[in-house]
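Asker: After the sequence you'll find the predicted model.
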Amino acid sequence: MAKREQGFSLLEALVAMLIGGIVLAAASTMVIKALQVSDTVTVRVEMQQDARAAMNSVMKDLALAGTGMPVGGIQLPIGDSASASLYGCSAGGTCYLTNHLLPGNHLYSMLPDPGDAKVLTGTGDAVTMAYADSSFNLGLANSITPSGSQLKLDSVTNVAIGDLIMLTNAHGSALGMVTNVLPGSNTVVFANSDPLNINQPSAANGNIAALKDPPPGNTYPPTTASKILIISYYLQQGVGPDGVAGTDDDVWQLMRQVNALPPSPVIDGVQSFQLSYDLYDDTAGAPSTTLSTNTKNANNTPGLIHKVNVFLNVRSPRRTGVARAFSFLTLASSVSPRNLSFRDRYK
């Protein structure tokens, strides 16, 4: 007699399906949570990498502040017929900083600019620094016109319109913005009405013409030329995905602007960009642990900044995790620009 084959009853099949469904649901929940955690980790890692790259860019420029510059910076046009020079602006008259006038029309190697941007949390600062571009050696400036509007170089291969050129001789230093380059004659032109209002041949002092010998000579002693970079960092607000300005998805970018060129973004999602400056104490003759400032003119001593403290707070580009929340990261660093922090104690 054949053995009777037995299968699952309907009840047993339903129980098995129920248990299987519970296991699958639990597994699906675990997979979803694992994907959310993985997504959060990925976003945070990318955010950290971008924030560190942005911080490195800021710190590199700050560390170079004052390189190749005269001690105390460069006096720009002053006196009769002079008007204010600008920074943080570009061709066409667009200025990206609320405070874009140089104090005393003097270009310092470091220029604090507190509270120049309204941000979601904290205070949005800006900072401007100047240093020589050591990658190009322009050599001697020859055949400088009496008004300082033109000069000749051995080569103009590495000179472009919009470059800032510092001229230095026995009478000091002056700055000019290139408005035209004539390769055929290796001539550089500094015409009036440049974007930063630096070329002012009719000013009483502080222009290129002020580097001439006094009458009756009225000629230029041997004069060297070098490129100068004026770099500003500041925050700029952009409209977020909802297309409405002023909402919590607005995109805040840390921008970098050079000379009179259009600015370029360094990193998105910046919540706060704050700086403070430690000053050299002239009275004590040593760096001070108590003299700290974030005023625009650095307590009237921008040439005595010996350390810069930077705080950068960034937000993830999108919400992640179970709570669908933004992630935040704060980086802090300090740098002592060698050309600002060095003091000759034997003078």
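Answerer: Okay, I see it.
Asker: ranges for the helices of this structure?
Answerer: Listed in chain order, the helices of the chain (DSSP state H) span 10-64, 338-341.
Asker: for these, which one ends up most surrounded?
Answerer: Comparing the helices of the chain by mean neighbour count (mean count of other CB atoms under 10 Å), helix 338-341 comes out on top with a mean of 19. C-beta here means a position set from N, CA and C on the backbone, and glycine is covered the same way.
Asker: Compare the helices of the chain and give me the one nearest Pro262.
Answerer: Pro262 lies closest to helix 10-64 among the helices of the chain, at 16.9 Å (CB to CB).
Asker: list the helices and strands the lengthiest strand in the chain packs on?
Answerer: In the chain, with assignment by DSSP state E, the single longest strand is strand 223-238. Counting contacts by 3 or more CB pairs under 8 Å, 6 or more residues apart in numbering; DSSP states H and E, strand 223-238 packs against helix 10-64, strand 110-117, strand 124-132, strand 140-141, strand 164-169, strand 251-258, strand 270-281.
Asker: related to what we said a few turns ago, can you say which of the helices of the chain is nearest to Ser316?
Answerer: helix 10-64 (5.0 Å).
Asker: which residues sit in contact with the residue positioned nearest the centre of the chain?
Answerer: In the chain, the centroid-proximal residue (CA atoms, centre = their mean) is Tyr233; its distance is 2.8 Å. By CB atoms under 8 Å, 6 or more residues apart in numbering, Tyr233 lies in contact with Val58, Asp61, Ala126, Val127, Thr128, Leu254, Met255, Arg256, Gln257, Val266, Phe273.
Asker: go again using 6 Å as the cut-off
Answerer: Val58, Val127, Arg256 (CB atoms under 6 Å, 6 or more residues apart in numbering).
Asker: Gln257 too?
Answerer: Tyr96, Ser232, Pro263.
Asker: same thing but 10 Å
Answerer: Shown in contact with Gln257 (CB atoms under 10 Å, 6 or more residues apart in numbering): 87-90, 95-97, 126, 128, 230-234, 236, 263-264.
Asker: Could you do Ala174 as well?
Answerer: Ala174 makes contact with 74-77, 148, 165-168, 190, 198, 205-211, 223 under the criterion CB under 10 Å, 6+ apart.
Asker: one more time with 6 Å
Answerer: Leu167, Asn207, Ile208, Leu211.
Asker: Also Ala126?
Answerer: Leu97, Asp113, Asp116, Tyr234 are the contacts of Ala126 under CB under 6 Å, 6+ apart.
Asker: What sits closest to the second one if chain neighbours are left out?
Answerer: It refers to Asp113. Nearest non-adjacent residue to Asp113, counting by CB to CB, 6 or more residues apart in numbering: Ala126, 3.8 Å away.
Asker: what stretches of this structure score poorly on pLDDT?
Answerer: Low-confidence segments of the chain (pLDDT under 70): 1-8, 34, 36, 117-123, 245-246, 248-249, 280-303, 341-347.
Asker: As a markdown table, the contacts of Tyr233 with distance to His106 would be great.
Answerer: Compiled in a markdown table, those are given as follows (distance: CB to CB, whole Å):
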| residue | distance to His106 |
| --- | --- |
| Val58 | 23 |
| Val127 | 17 |
| Arg256 | 23 |
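Asker: Going by distance to Pro241, which of the residues you listed wins?
Answerer: Arg256 (24.4 Å).
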